[in-house]
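Participant: sequence plus predicted model, see below.
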Amino acid sequence: MPSKNTLVPLGTIAGASLRLLSAPLQPSQRVREPVKPTTGRVVGHFPSVKNNRMIAWESQLEQKACYTFEFSSVVSSFREQPTTIFYEYLGSLKRYTPDFELTLSTGESVYVEIKPAEKLKNVELKNKLQAISNFWKRAGFAFVVITDEELNQPIFQSNLKLLRNYLRVSCHTELIQLSRHWMQQQAEPTLGDLIQYLGSPKKAYALIVKNHIQINLFVAISADSQITTEKNHETCFFSYRIAPDFE
């Protein structure tokens, strides 16, 4: 897990008391349509089970962010291109649309900009991000920047892509109780052991996806992966940057 800020205490960022600024958009609405594919640019749609719709992304970094938001239990929902603001910068009004809005499990909203870390070396861009952050702070919201340094985690992303196939698989109470009871009888149970016991990889992976069984997502998942029934209190799988330095 990255060592930067985590989203768990976001409600206290910069002393902000987060609240809704305006009426929410319909689930499929965004303030502008994502750009169409052009030479050298990759765009697409992420099939979000959490939001029950396709989420449009405009870069591979945004796609990775979608995977991370989907599996972070602190995020109850997220949407792309949620709203447009006009903020003051050097005496004039500038237009800005955040990449994502996150709705946390607490009901709080957080606005997110996805940027390559290299671009944050640009002083003018950092000053604009500071002005944008000031706007959201005055409105009572948190604003964060997430970069490739936080999102480019190949093993973690590969694990999420594997587990995404099981997001819609339900876990009935009997399966949960049976699996947890079996695991408590094992000294060092592995994923392979659980699959063999249940006779079903699908059921084992579904238990992991639904957080009934814990596994280290930052190590490549295999039959030898250690599993546990101990609750993982890590509800957020990403770190972020905040004003004034975004470092």
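Facilitator: Yep, it's here.
Participant: now stretch 151-169: buried residues?
Facilitator: By neighbour count with 16 or more other C-beta atoms under 10 Å, stretch 151-169 contains the buried residues 151, 153, 156-157, 159-160, 163-164, 166-167. C-betas here are computed from N, CA, C, even on glycine.
Participant: I'd like these written out as CSV, with distance to residue 77, pLDDT and secondary structure added.
Facilitator: Output for the buried residues of stretch 151-169, formatted as CSV (distance: C-beta to C-beta, whole Å; pLDDT from 0 to 100; DSSP: H, G, I helix; E, B strand; the rest coil):
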residue, distance to residue 77, pLDDT, secondary structure
151, 19, 96, helix
153, 23, 94, coil
156, 21, 96, helix
157, 21, 96, helix
159, 22, 97, helix
160, 17, 96, helix
163, 19, 96, helix
164, 17, 95, helix
166, 20, 96, coil
167, 14, 95, coil
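Participant: which two among those residues are spaced furthest apart?
Facilitator: By the measure C-beta to C-beta, 151 and 166 form the most distant pair in these, at 22.3 Å.
Participant: quick check: residue 123 vs residue 96, distance?
Facilitator: Applying C-beta to C-beta, to the nearest Å, the value for residue 123 to residue 96 is 18 Å.
Participant: among the two, which residue is more densely surrounded?
Facilitator: More crowded of residue 123 and residue 96, by other C-beta atoms under 10 Å: residue 96, with 18 against 8.
Participant: residues in contact with the more buried one?
Facilitator: Neighbour list for residue 96: 84-87, 132 [criterion: C-beta atoms under 8 Å, 6 or more residues apart in numbering].
Participant: now, those that are in helices?
Facilitator: Among the contacts of residue 96, the members falling in helices (DSSP state H) are residue 132.
Participant: make JSON lines out of the contacts of residue 96 and add distance to residue 198, pLDDT and neighbour count.
Facilitator: Listed next are the contacts of residue 96 as JSON lines, based on distance: C-beta to C-beta, whole Å; pLDDT from 0 to 100; neighbours: other C-beta atoms under 10 Å:
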{"residue": "84", "distance to residue 198": "49", "pLDDT": "97", "neighbour count": "11"}
{"residue": "85", "distance to residue 198": "50", "pLDDT": "97", "neighbour count": "17"}
{"residue": "86", "distance to residue 198": "55", "pLDDT": "97", "neighbour count": "11"}
{"residue": "87", "distance to residue 198": "53", "pLDDT": "97", "neighbour count": "17"}
{"residue": "132", "distance to residue 198": "49", "pLDDT": "98", "neighbour count": "21"}
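Participant: redo the contacts of residue 96 as JSON lines? Include distance to residue 59.
Facilitator: Converted to JSON lines, the contacts of residue 96 look like this (distance: C-beta to C-beta, whole Å):
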{"residue": "84", "distance to residue 59": "19"}
{"residue": "85", "distance to residue 59": "21"}
{"residue": "86", "distance to residue 59": "24"}
{"residue": "87", "distance to residue 59": "22"}
{"residue": "132", "distance to residue 59": "19"}
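Participant: tell me the confidence at the residue most central in space within the chain?
Facilitator: Taking C-alpha atoms, centre = their mean as the criterion, residue 69 is the residue nearest the geometric centre of the chain, at 1.8 Å. Per-residue pLDDT puts residue 69 at 97.
Participant: next one: it from residue 101, what distance?
Facilitator: According to C-beta to C-beta, residue 69 and residue 101 sit 10 Å apart.
Participant: mutual contacts of these two, please.
Facilitator: By C-beta under 8 Å, 6+ apart, residue 69 and residue 101 have these common neighbours: residue 78.
Participant: per-domain residue ranges of the chain.
Facilitator: Under the assignment automatic domain parsing, the domains of the chain span 5-153+236-240, 168-228.
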